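Student: Predicted coordinates and the sequence they were generated for:
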Amino acid sequence: MNVSLLHRVDHLVYATNDLEASCAELERRLGVRPSPGGRHLGRGTRNALIAIGPASYLEIVGPDPEQPAPAAPRWFDIDRLGGPRLVAWAARTTALQRVIADGVRHGVRLGAISSGSRLCADGVSLSWTFTDPTTVIADGLVPFFIDWGTSPHPAGSAAGGVELVSFSAEHPDPAHVRKILEPLGIELQVDAGPHPALIATIRTATGLVQIR
């Protein structure tokens, strides 16, 4: 287990084209019903959350039927998904500018810093700054970076009872991915595999469950 990596994991993005169905399936597998998250207004999505650590969570994100279809494609390629899967992850930082500069020096362009917000089901408003999640590097194995500032962390109010115990990846060219991750200070284990994949192992009340 790479403890330093787990401390960097802010959240894992599990994208789906049917949020309710995926929440039900994850409840069956993990024994935890995901907490309602909120709506991403203007993006056509909403989410649900499961805490997988004191300051990390699994975000299940899918189309929001109560919003009109957005003008641009939904983030994380949700409109073209063949099935639910881990598509991306966010690493926590309090130094977005430095992370971007470190990347640029080594030819890794993470995208511009922008801000986001959403209204939670309990009425609490969350806000954050982050590098552009639509800048997909190495098939989503390279994280985007997020800073919650003074906003409450979503893991604090999400359904819990499970824990992320390992996180790794597979890629047809693992050496290339590791070369990108190294200057960003990300110690993600990347093994050879036929397809790019993020792999989370979660401890539940009944044993270990692997999610891809």
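Tutor: Received, thanks. Numbering: from 1, shown residues only.
Student: Would you map the helices across this structure?
Tutor: 3-8, 19-30, 96-105, 174-181 (DSSP state H).
Student: Could you pull out the buried residues of the lowest-mean-pLDDT helix or strand in the chain?
Tutor: Sorted by mean pLDDT, DSSP states H and E, the helices and strands of the chain end with strand 113-120, the least confident at a mean of 86. Counting neighbours by 16 or more other CB atoms under 10 Å, one finds that the buried residues in strand 113-120 are R118, C120. C-beta here means a position set from N, CA and C on the backbone, and glycine is covered the same way.
Student: if we can go back for a sec, in CSV: the helices of the chain, plus mean neighbour count and mean pLDDT.
Tutor: Compiled in CSV, the helices of the chain are given as follows (neighbours: other CB atoms under 10 Å; pLDDT from 0 to 100):
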stretch, mean neighbour count, mean pLDDT
helix 3-8, 14, 88
helix 19-30, 17, 98
helix 96-105, 15, 95
helix 174-181, 16, 97
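Student: what's the closest of those to A51?
Tutor: Of all these, it is helix 19-30 that lies closest to A51, at 11.1 Å by CB to CB.
Student: May I see the helices of the chain organised as CSV, with distance to T150 added?
Tutor: Formatted as CSV, these follow (distance: least, CB to CB, whole Å):
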stretch, distance to T150
helix 3-8, 20
helix 19-30, 29
helix 96-105, 15
helix 174-181, 29
